[in-house]
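Engineer: sequence and computational prediction follow.
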Amino acid sequence: MIELRNNELIFQFPKVHTQAVCRIDFQRTLRIPDDNQEYPLPPGLGSFPINHVDDFTDNLPATWKEHGGVFIPMYQAEALWMNFSGHYPCAIKIAAGKINAVSGTQWTKKLSNRPQDYVVVPDQPWLDGFNVSKGCVRQFVAMPLGEGYTAEEQLTGDAEHGGIQIIVYPMKHDVYVKYMEQHRVFNIGDEQCLTYAPADEMGLGAGGVMRQEIYEDDYGIDSWDQTSGLRCFVHLTNSAIYQKITGHPPLHKPPTAQEYTDSGLPWFDYYADKKALQGSASLSQLTSVAAKKIQKGEGTLDNNENVHPNTIKTIKKGRVVRDGRF
């Protein structure tokens, strides 16, 4: 069962274990400069509002009704990161336009470990972008479908799907019980081929480079209950269209990286004593949003000046709270 509660997707697997719960929300954030320099992790600026597709079927494209799921509003060239929470180990596959954000391969339901195409929570607290090299990602940036910016279009030549695709698999009950007995360290809490998309639908392109490791699966692929997966299609809509769909005004635009840095607020580095995955060869070949804009003869990307973060907070495993603007 998947529930939407307080702008958070809650994946629950009561038939596997009473504690098998995983939460995912989508954080607004700074779009870091797309200048091929490596930046630390930007802050979370609050959760994006998440809406049920089924609540607005009269105002949505037919393909959205077919996919079901949820949708969130984003400004063009706005960035996001995905926040994972929950104590029960789960394997999560994330795709953008059905391009796997970890391996760069086409979407498949099953997990793969050659190469690993998923992240493991709670070891992986968040994901900010496409896995382009060991220890680095290119930031998730929303761009319109059909204009050649998204990872989907660059790697497949089509703008068929857009949005974000998620599937979550819980750890097998017996594996979890055995792990608990051996380690006793968990602090358990309560808890299809489509036509070209309309211009107001969005996908994710590759933005600036930031330091972020995607960790290897220490449990092994056989630890995950692949008979109990739950999946969700997260549609992305232009903020201007969002008001027509829902009747609610879009969120204010986030600050630029320069405005945030000039205010003296912190950036972040996260460290865990775990082995990081290699980058995806195909994802490393993506043309970034800023470079694609120049390539298309559309000028330069607005608010893309490089910045020099002066305040960088180091977060270690066990202390994974990223604060932002209050």
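Structural biologist: Okay, I see it. Numbers count the residues shown, from 1 in each chain.
Engineer: nearest spatial neighbour of residue 225, skipping sequence neighbours?
Structural biologist: The spatial neighbour of residue 225 that comes closest, neighbours along the chain excluded (CB to CB, 6 or more residues apart in numbering), is residue 172 at 4.6 Å. For glycine as for every other residue, the C-beta is placed from the backbone atoms N, C-alpha and C.
Engineer: that neighbour: neighbouring residues, count only.
Structural biologist: 21 (other CB atoms under 10 Å).
Engineer: who are the neighbours in contact with it?
Structural biologist: Shown in contact with residue 172 (CB atoms under 8 Å, 6 or more residues apart in numbering): 16, 223, 224, 225.
Engineer: mind doing that once more with 7 Å?
Structural biologist: Shown in contact with residue 172 (CB atoms under 7 Å, 6 or more residues apart in numbering): 223, 224, 225.
Engineer: neighbour-wise, which one of these leads?
Structural biologist: Ranking the contacts of residue 172 using other CB under 10 Å puts residue 224 first, with 24 neighbours.
Engineer: who does that residue bridge with?
Structural biologist: Beta bridges link residue 224 to residue 171, judged by DSSP bridges.
Engineer: pLDDT score assigned to it?
Structural biologist: Note for residue 224: predicted pLDDT of 98.
Engineer: quick check: it touching residue 167?
Structural biologist: No: using CB atoms under 7 Å as the test, residue 224 is too far from residue 167 to be in contact (10.8 Å).
Engineer: from the contacts of residue 172, which is closest to residue 159?
Structural biologist: Nearest to residue 159 among the contacts of residue 172, counting by CB to CB, is residue 224 at 31.6 Å.
Engineer: any idea how far that closest one lies from residue 280?
Structural biologist: 21 Å (CB to CB, to the nearest Å).
Engineer: same question for residue 237.
Structural biologist: Residue 237 is 27 Å from residue 280, where distance means CB to CB.
Engineer: also residue 59?
Structural biologist: 36 Å.
Engineer: more neighbours, those two?
Structural biologist: residue 280 (23 against 12).
Engineer: neighbours of residue 298, how many?
Structural biologist: 10.
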